[in-house]
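J.: with the input below, show me the fold.
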Amino acid sequence: MSIGNIIVAIIHFVEYIIIKLGYPGVFFLMLLEGMLLPVPSEVVMPFSGYLAYYGMLDPFNRYASIIILLIVGTVGNLTGALIAYAIGRYGGDPFIIKYGRYLMLNRDTIDKSKIWFEKYGKLSVFTTRFLPVFRTFISIPAGIANMDLGQFSLYTIAGDLVWDSILIYLGILLGSRWETILGFFNNLTYIAIIAFIAAIIIVYYYLAIKPRKTLNK
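T.: Here you go, the predicted model:
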């Protein structure tokens, strides 16, 4: 089976689950993505956003539907991320080496995520939420590093809220042509890199520069 056929199969699977189950389906799919399984939020949230905005997801008005969708998607992904975090914290490298292939954990991607986490610290849990693939794998090294669970959850929720909002908006914007978002992945990656740099600058300003200015007054 070619990569193209696999992508089409995943899209059809996502559409079927969401149409059949509605919000519970969105929660389930986002939970799977958070657990590092190949269910891309780049498909789940735009399609759901399209359905919610045009009244095909539930009987609520479109704006209430979008808010509910954002909450459900974010909570679902957080739940999956917490499971991945637990795998890293309590299973560590031995678990990944022994069982990773059964969970579709790519050792190379995990190693790169660990390097990213070690280099950029806790903030990477937030910023990598905007990077396809790495957005879910970062939970493993965060767990291995015994990152504070409260901080991990807060950074994950914040990143997911922003990411899911963007994807829902794109689904609304594109309407029935929402699948064309698959062609935007590279552009979104560039945006993510810019957002990451901006976040680093903002955090550095509030943690280093601003306190100095306050002390000098």
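J.: quick one: buried residues of stretch 73-85?
T.: For stretch 73-85, the neighbour count (16 or more other C-beta atoms under 10 Å) marks 73-78, 80-82, 84-85 as buried. Where you see a C-beta, it was placed from the backbone N, CA and C, and this is true even at glycine.
J.: which residues touch that stretch?
T.: The contact list for stretch 73-85 (C-beta atoms under 8 Å, 6 or more residues apart in numbering) reads 26-36, 41, 44-45, 48, 136-137, 139-140, 142-143, 147, 149, 152-153, 156-157, 160-161, 164, 168.
J.: of these, buried ones?
T.: 26-36, 41, 44-45, 48, 136-137, 139-140, 142-143, 147, 152-153, 156-157, 160-161, 164, 168.
J.: okay, and which of these map to helices?
T.: Among these, the ones falling in helices (DSSP state H) are 26-34, 41, 44-45, 48, 136-137, 139-140, 142-143, 152-153, 156-157, 160-161, 164, 168.
J.: give the rounded mean pLDDT of whichever strand or helix holds T79.
T.: Secondary structure from DSSP states H and E places T79 in helix 62-86. If you average the pLDDT over helix 62-86, you get 94.
J.: between the helix or strand harbouring P24 and helix 62-86, how many degrees?
T.: If you go by DSSP H and E, P24 is part of helix 23-34. Interaxial angle of helix 23-34 relative to helix 62-86 (axes from the mean of the first three to the mean of the last three C-alpha atoms, to 10 degrees): 30 degrees.
J.: and helix 23-34, what does it pack against?
T.: helix 3-21, helix 41-53, helix 62-86 (3 or more C-beta pairs under 8 Å, 6 or more residues apart in numbering; DSSP states H and E).
J.: was I right about G171 contacting E42?
T.: No. Taking contacts as C-beta atoms under 8 Å, G171 lies outside contact range of E42: 10.1 Å.
J.: so which of those two has more stuff around it?
T.: For G171 versus E42, the count of surrounding residues by other C-beta atoms under 10 Å is larger for G171: 27 against 19.
J.: what about the more buried one, distance to I138?
T.: Distance of G171 to I138, computed by C-beta to C-beta, to the nearest Å: 24 Å.
J.: Y63 now?
T.: Noted for Y63: a distance of 32 Å to I138, by C-beta to C-beta.
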